[in-house]
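J.: quick one, fold the following:
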Amino acid sequence: MSSKVTPSNFGMFASPERSPVFGAAPKPTEAELLDDYREELEAEDEGVFLAEREGEAIGLLAMAPVERSSMHAGLARPDRACILAFAATLPEVRGSGAGLALTEAGLTWARQRGYATVVTDWRERAM
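T.: Got it, this is the predicted structure:
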């Protein structure tokens, strides 16, 4: 794991073509994704985690308060919840434990902030 998360680390995960999307929402452009990532880095109430191997970024995970999710409203918004907003690893490192380490870091972040539930939106890029 690394704490050196910068917009340049996000670039490798910004391709809208990297993963399938299961929904009708239009695909964001790479520029839109990078803008979103920059905002996440500046937000004090978000947790952004980077996995590295030999100094190279290989995975990324972002957690945020569930109030940031437009999909989780009303009854679909649990109390004391955060959202796993983004998670990805490079295809060549899948199965290495990088995704598990990122998940553990994100869940620890959530637990330390008093979140009782983590939600996600599987219509977003998730594979």
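J.: buried ones in stretch 90-110?
T.: Going by neighbour count (16 or more other C-beta atoms under 10 Å), the buried part of stretch 90-110 is 90, 98-99, 101-103, 105-107, 109-110. Glycine gets a C-beta too; all of them are placed from N, C-alpha and C.
J.: which residues are contacting it?
T.: With C-beta atoms under 8 Å, 6 or more residues apart in numbering as the test, stretch 90-110 has contacts from 1, 12, 47, 49, 51, 53, 58-63, 82, 84, 87, 89, 118.
J.: from the chain's centroid, how far away is that stretch?
T.: Centroid separation for stretch 90-110 versus its chain: 11 Å, with C-alpha atoms, centre = their mean, to the nearest Å.
J.: ok, Glu39 - how many residues close by?
T.: For Glu39, the number of neighbouring residues by other C-beta atoms under 10 Å comes to 10.
J.: of the buried residues of stretch 90-110, which belong to helices?
T.: 98-99, 101-103, 105-107, 109-110 (DSSP state H).
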